[in-house]
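Peer 1: build me a model:
(2 chains)
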Amino acid sequence: MKNADFIKAHDRVKDFDWKASYSPAAARYDMPYKIPTKTSDPFRHLVRDYCSMERDKDDRQYGAMSDVMARAKMPAKASERWTEVLKIALPLTCYAEYAAMKCTGQLVEAVDNAELRQGYLAQMIDEVRHVNQEAHLVRYLSKHSVDAEGFERGFKLRNSNFLMRASRACFDSFFAGNPIEGALNLQVVAETAYTNPLFVTLTEVAAANGDQATPTTFLSVQSDEARHMANGYATLAAIASVPDNLPRLQRDFDSAFWRQHTFLDTFISAVYDYFQENRGGSYHEAWTEWVDHDWAGGYIERLEPFGVSLPHGWAEAKERVKWVGHTAMMMLAATWPMQFIRIDPLNARDFDWFERKYPGWYDRYGKFWETYAEMSDPTHGQLPISLLGSVPPLCRVCHMPCVFPRPDISTLRIKDFGGRKHAFCSDGCERTFAFEPHRYAESRTWDEHFDGYSIAEYIEKCGLLRNDGKTLLAQPHLRADKRWTLDDIRRQQFCITDPLKNLPSQGAVVVLQ
Amino acid sequence: MSEVEYLVELEPGGQTFKCGEDETILDGALRQGIALLYGCRHGRCSTCKYLVEDGEVDVGDVTAYALPDNEREAGWALLCRARPLSDVLIRDHKLPDERVLPLLTPMRVDATVAAVIQLTPELWQLDVALPTALHFYAGQFVELGLGEKEAVLWRSYSMSSPPSSSHRLSFVIKRIEGGAFSGAIEHLEAGRTIAVRGPFGASYLRAGSRPVLLCAIGSGLAPILSMLRDAGESGDRRAFTLFYGARRPQDLAYLEELRDCWGLQLAFVPTLDGLEDGDVWSGATGTVTRAVQHAVESARDVDAYLCGAPPMCETVGRLLSAKGLPVEQLFFDRFFAASA
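Peer 2: Below is the predicted model:
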């Protein structure tokens, strides 16, 4: 088919659009936005390359990976430190793709506009493919990597691992509200701001650390993202072109940004900065380029004349992003027995790198990591969670620990609503709650769920053990010896306690309309 | 005319023309009456970006923004800058515009300054008398040249006069302090020689039956005036809406004429976005973008013409596109300040 014919065929499909006169459309989703019936078509000029591009990618990806990489023993050559974090990062990304598929499915049904719908449909198919590609990558690594145990757990631990629960609070926003709110979370924020640092720059980190499989998958995924960003832009421009939409749009946009920021910046920066072995750039550098300059400075500023402003909390986020990854990683390492990956202690080279990339890092986090390394031997029998002065409560909205941006300048607040105490990690999360408290007030945090469990009971309950039935999946080092067992943990007598129970409330949430 | 000439062929139309090695492919085409799409003519707007499928060209002085490296490597060129180094084959991939009018071959004449009138604190009207008729379409521009021989300083300005006034052209010039051309506007004396070459530009008023949406800020009013005056003369029955943006009341030019509206069905919406204490104004406030955002429900069935600073044109273009305007119903020339 010639290029021009593809565009003509695409236009014909759009013409094949009608409203049923005999039966009014059922309102399946809550839809407070007005969408013009005709808008710009984000897919029109891209349709011609779509089919051939996708076919080539599938061939290249699956063929190359299964055959060549396994025979060349590539997974064994990858940095073990790096490979460990993929056990969390890949299932989590895969869930994000699944949530994206649900979002675009809702958009297809809810947005009565043939131009936009074509783009959503193609994106929905992309998301299905991404789920498959990333699940395949997990499968491949679980077959071929040096310490494969744990790769299959991420999918199962979506409810019982605190980080996985927080990721759901972030990714469920792709489909849990009205479809446009989903599009703002997914296309406008997550895809446009964060997929470049995730799929492009993180891919460079992977390759530099000997991981050839992840770049193959991620670069294939990323080549669809430009089209998804175009969907986001066309959706946002269509919404913003109707002035009645503007007040609600800004509010939902503010909330979408903060929900994505609280999890994605925290998580990606921890992955990025703490699991590199062969070190290159920092997450803060990648963030400055992609999120600050490109997204805020290019994409969003172009919409300012329409009346869409940078999200509320943008300036605060810019400051927070310097520290949130370090704080999150400290929480992850402090709670290592409850995780399902091995977390490598930092060495002298790492210490130098951190101090260079994040001046002031050592004074705030250095001592923790020195002690963490000392505690890695089970014969000493000490857990780094004892290093935290107090365990912070979890945020009712984002489900992350309320310890950000740094323990010494935490923006934790505790408020009453509906006869219950709620912790919020930040002003942004409290605002999101105050606009629509009913959406969050009944949710349970990980702390509330596992309150009263000993760590050993938690490990058994979640199945965080290796095939021998006694060695922990998680370890505070990468060594083959001196691995911690369930017995080592049982000696600790450490219990999970919901810290919120014992913290005083500072008043009631002021509900915003 | 240069001694070395190369053959330029356009695919898929099969048209051919000769182009000297010392002229740009666009100039060569226009000189011989071949219509190619173009805008700023200074290597910046990318309207004249075409794929050179065969042969060699010197892509010339273009910014990486207008022609990124990967496109350059893939064979794309801006024809307003590219010069042939061999016979070349150019792929014409642009969508045909069914309402395009026959190309008016650009000419060059020496004219004289007829009048200089201050309109507002910033805007001036310049009238130029020509010894021969210069035919153009309402909305097109010419280049005005001041200076001697090799040192002529060329600047693009749209006519505000209608095409019927073919011996006397009017322009609206925004005086830019220190501007090599516009900064000297108040010192131009009647009778002084001024070179004119043109016409250029593809965003002239198209025929049709759809309502016409016009947006202008600053001296961008000039081509709009030409269109409205022309439409008035020909008894155009279409509905016109003009959004005209300025900062303060005293910055609005030609108000009386616009309110008289030449017998046209014209909705005239001046809107101000820089009002200061003490300004008397009962009309619309805010930018043209905001006015269009609020007033235009659907842009699906209008022809839209945007004139003024590129950021306004880009933004309103995106807004109208989001309101359903098909790309073939949107017209604007991309002008940039001529400092570069």
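
Peer 1: measure A:His284 to B:Asp236 for me?
Peer 2: Taking C-beta to C-beta, to the nearest Å as the measure, A:His284 falls 59 Å from B:Asp236. C-beta coordinates here come from the backbone N, C-alpha and C atoms, glycine included.

Peer 1: up against chain B, what does the stretch 251-400 of chain A have?
Peer 2: With C-beta under 8 Å from any C-beta of the partner chain as the criterion, the stretch 251-400 of chain A meets chain B at residues A:302, A:305-307.

Peer 1: top of the residues you listed by neighbour count?
Peer 2: A:Phe306 (22 neighbours; other C-beta atoms under 10 Å in any protein chain shown).

Peer 1: and that residue, what are its phi and psi?
Peer 2: phi -80, psi -10 (degrees, to the nearest 10).

Peer 1: how about B:Ser156?
Peer 2: According to degrees, to the nearest 10, B:Ser156 has phi -90, psi 130.

Peer 1: that one pairs with what?
Peer 2: B:Glu143 (DSSP bridges).

Peer 1: pLDDT value on it, please?
Peer 2: Per-residue confidence for B:Ser156 comes out at a pLDDT of 90.

Peer 1: next, count neighbours for it.
Peer 2: For B:Ser156, using other C-beta under 10 Å, the count is 18.

Peer 1: quick check: it vs B:Gln140, distance?
Peer 2: Taken as C-beta to C-beta, the span from B:Ser156 to B:Gln140 is 10 Å.

Peer 1: what is in contact with the two at once?
Peer 2: Shared contacts of B:Ser156 and B:Gln140 (C-beta atoms under 8 Å, 6 or more residues apart in numbering or on different chains): B:Phe200.

Peer 1: mind telling me which residue of the stretch 301-450 of chain A is nearest chain B?
Peer 2: With C-beta to the nearest C-beta, the shortest gap between the stretch 301-450 of chain A and chain B falls at A:Pro305, namely 4.4 Å.

Peer 1: would you agree that residue falls within a strand?
Peer 2: No. According to DSSP: H, G, I helix; E, B strand; the rest coil, A:Pro305 belongs to no strand; its state is helix.

Peer 1: which parts of the stretch 101-250 of chain B are helices?
Peer 2: B:221-234 (DSSP state H, counting those that start in this stretch).

Peer 1: what do you get for the stretch 151-300 of chain A?
Peer 2: Applying DSSP H, counting those that start in this stretch to the stretch 151-300 of chain A gives helices spanning A:162-171, A:179-183, A:195, A:202-208, A:213-240, A:246-260, A:266-274, A:283-287.

Peer 1: in a markdown table, list these along with mean neighbour count.
Peer 2: Output for those, formatted as a markdown table (neighbours: other C-beta atoms under 10 Å in any protein chain shown):
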| stretch | mean neighbour count |
| --- | --- |
| helix A:162-171 | 23 |
| helix A:179-183 | 27 |
| helix A:195 | 22 |
| helix A:202-208 | 20 |
| helix A:213-240 | 22 |
| helix A:246-260 | 22 |
| helix A:266-274 | 24 |
| helix A:283-287 | 21 |
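
Peer 1: can you add distance to A:Leu464 and mean pLDDT and give those back as TSV?
Peer 2: Shown next, in TSV, are the helices of the stretch 151-300 of chain A (distance: least, C-beta to C-beta, whole Å; pLDDT from 0 to 100):
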stretch	distance to A:Leu464	mean pLDDT
helix A:162-171	12	95
helix A:179-183	33	96
helix A:195	30	89
helix A:202-208	25	90
helix A:213-240	24	89
helix A:246-260	28	96
helix A:266-274	20	96
helix A:283-287	27	95
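
Peer 1: nearest to B:Arg248, out of these?
Peer 2: helix A:246-260 (26.0 Å; C-beta to C-beta).

Peer 1: for that closest one, packing partners?
Peer 2: Applying 3 or more C-beta pairs under 8 Å, 6 or more residues apart in numbering or on different chains; DSSP states H and E, we find helix A:246-260 packed against helix A:162-171, helix A:179-183, helix A:213-240, helix A:314-320, helix A:427-435.

Peer 1: tell me which residues are up against that helix.
Peer 2: Against helix A:246-260 from outside (C-beta under 8 Å, 6+ apart): A:32-33, A:169-170, A:173, A:177, A:180-181, A:184-185, A:188-190, A:193-194, A:236, A:239-240, A:307-309, A:311-314, A:317, A:397-398, A:426, A:428-429, A:431-432, A:435.

Peer 1: coming back round to it: make TSV out of the helices and strands packed on helix A:246-260 and add distance to B:Val116.
Peer 2: As requested, these are exported to TSV (distance: least, C-beta to C-beta, whole Å):
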stretch	distance to B:Val116
helix A:162-171	63
helix A:179-183	54
helix A:213-240	42
helix A:314-320	48
helix A:427-435	57
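
Peer 1: which residues touch the residue in the stretch 51-200 of chain A positioned nearest to chain B?
Peer 2: Residue nearest to chain B within the stretch 51-200 of chain A (C-beta to the nearest C-beta): A:Glu115, separated by 8.2 Å. By C-beta under 8 Å, 6+ apart, the contact list for A:Glu115 reads A:14, A:38-44, A:234.

Peer 1: neighbours around B:Ala29, how many?
Peer 2: Neighbourhood size, B:Ala29 [other C-beta under 10 Å]: 23.

Peer 1: name the nearest residue to whichever residue of the stretch 1-150 of chain A sits closest to chain B, ignoring sequence neighbours.
Peer 2: Relative to chain B, the nearest point of the stretch 1-150 of chain A is A:Lys38 (3.1 Å; C-beta to the nearest C-beta). Nearest residue to A:Lys38, sequence neighbours excluded (C-beta to C-beta, 6 or more residues apart in numbering or on different chains): B:Gly324, at 3.1 Å.
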